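>>> Sequence first, then the predicted structure, then my questions.
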Amino acid sequence: CAGWHKPPLPAVGEAERRWRSGLIEHPWQLQGRIGVSGGRDSWHGHLRWEHGQGLDRLVLSGPFGQGGAVVEAGPGWIRLRYPDGRMLESADPNHLLHQVLGVAVPLTALRYWVLGLAAPGPAAVEHDPAGRLRRLRQQGWEVDYLAYGVVTAGALPTKLRLLGPDGVRVKLLIDRWEIDRDRT
Amino acid sequence: APVDALDGFLSRVKTLAADFEQEVIDEHGNVSQRSEGRFYLARPGRFRWEYRKPYRQWVIADGSKVWFYDPDLEQVTVRPLDEALGSAPALLLSGQVRLQERFRVAGQGSEGGRAWVELRPKSKNDVFRRLRVELQRDVLQAMELADNFGQLTRIRFHRLEINPRLDPELFRFSPPPGVDVFEGT
């Protein structure tokens, strides 16, 4: 997969740092693959994540593009839909995500981690020589940034490995970032 | 009529080999995924989807289980063949079940040698809404699957060979060392 064997990326300038932290409030979409293992059950497939104003939409699908599940989450609510039409709603995102992925990935923190940022609150961080996050420990999780790729105004993570408190491993390979698309 | 064309094609086929292109259209109508690869089939119950671009993945049915392997993720998921057959394109082709048993099958017209057939699951909570099949002069050309999230998956076949001799190894899979294998119930 693309990324790590490319020549080293330019060092992080102030512009990239500002651009990146502004992305939290900016619509973006990522396409890639997600693998969950080491927990109650393992699963892997395609992930499309649309981040918009107050709404995150994660479409998980297996081979042949068929829907595995759709997770929609906003401030204080989360909804999960299965391909056969069943739907679950909850005010507790972590509980519901545990049901879908077999692991309670903190979605609110993941919004920051996937952008190469620490979420608000205490965190132990380690940067690479270019000034980008290499390892992050937060909320009981360890996030390793294995590759970055240049997007519009800077670089974003393209390969992450997350290790959860109960030994769960989540691997995320981001094949495409789309930043300047408004999500209709 | 189109349905006879599909039945005729499926009854003639023992094995198949073809290149395929796959597109997934998201609920906004944008192409969200494009992939291509090689497809092999040995009825009943054995098939091999070898995704080659943009990345390599394998979906292999060995007659009793379906193995789904992603080398970049270093993961294999294994499912019983009948359960995995919820993935309709495989179900249609693998001949595990008589179509009319599980689907309402309706011709969608034909024109200039091309015919379309639509299959809708009889059970309300099947994992997809509709599967449309396109044939040209009684030979499978394409399939389009609509799932319950408003996504469309289109698979188009090229250089289709009917009843070629195929190496049985194509339908066997043994996970490489160090890969996480999970047997779904």
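That came through fine.
>>> Show me where chain A dips below the pLDDT cut-off.
Along chain A, segments meeting pLDDT under 70 span A:1-7, A:64-67, A:100-101, A:181-184.
>>> Pull the number of nearby residues for residue 20.
Since no chain was named, I'll use chain A. 21 (other CB atoms under 10 Å in any protein chain shown). C-beta coordinates here come from the backbone N, C-alpha and C atoms, glycine included.
>>> that's the other chain; I wanted chain B
B:Phe20 has 22 neighbours, counted by other CB under 10 Å.
>>> same question, the one 4 residues further on
B:Val24 sits with 25 neighbouring residues when counted by other CB under 10 Å.
>>> Direction included, what does the helix or strand containing it pair up with?
Using DSSP states H and E, B:Val24 sits within strand B:15-25. Here strand B:15-25 has these sheet partners by DSSP bridges: strand B:31-42 (antiparallel), strand B:152-162 (antiparallel).
>>> how far away is the residue nearest the centre of chain B from chain A?
With distances taken as CA atoms, centre = their mean, B:Pro89 lies nearest the centre of chain B, 2.9 Å away. According to CB to the nearest CB, to the nearest Å, B:Pro89 stands 5 Å off from chain A.
>>> neighbouring contacts of whichever strand or helix holds that residue?
B:Pro89 is part of helix B:88-94, with elements assigned from DSSP H and E. Contact with helix B:88-94 is made by A:64, A:66, B:10, B:13, B:16, B:41, B:43-47, B:49, B:59, B:61, B:66, B:81, B:84-85, B:97, B:99, B:102, B:119, B:127-128, B:131, B:133, B:140, B:143, B:145, B:153, B:155, as judged by CB atoms under 8 Å, 6 or more residues apart in numbering or on different chains.
>>> What helix or strand is the closest residue to A:Leu47 other than its chain neighbours located in?
Sequence neighbours aside, A:Ile34 is the residue nearest to A:Leu47 in space, at 4.3 Å (criterion: CB to CB, 6 or more residues apart in numbering or on different chains). Per DSSP H and E, A:Ile34 falls inside strand A:28-37.
>>> Output the contacting helices and strands for that strand.
With contacts taken as 3 or more CB pairs under 8 Å, 6 or more residues apart in numbering or on different chains; DSSP states H and E, strand A:28-37 sits against strand A:43-52, strand A:169-178, strand B:180-183.
>>> try 7 Å this time
Where contact means 3 or more CB pairs under 7 Å, 6 or more residues apart in numbering or on different chains; DSSP states H and E, strand A:28-37 is packed against strand A:43-52, strand A:169-178.
>>> A:Gly131 is in contact with A:Val12, isn't it?
Yes. Counting by CB atoms under 7 Å, A:Val12 is a contact partner of A:Gly131 at 3.6 Å.
>>> neighbour count winner among those two?
A count of neighbours by other CB under 10 Å puts A:Val12 above the other of A:Gly131 and A:Val12, at 19 against 14.
>>> can you give me the mean pLDDT across the helix ranked longest in chain B?
Across chain B, the helix with the greatest residue count (assigned by DSSP state H) is helix B:2-12. Computed over helix B:2-12, the mean pLDDT rounds to 91.
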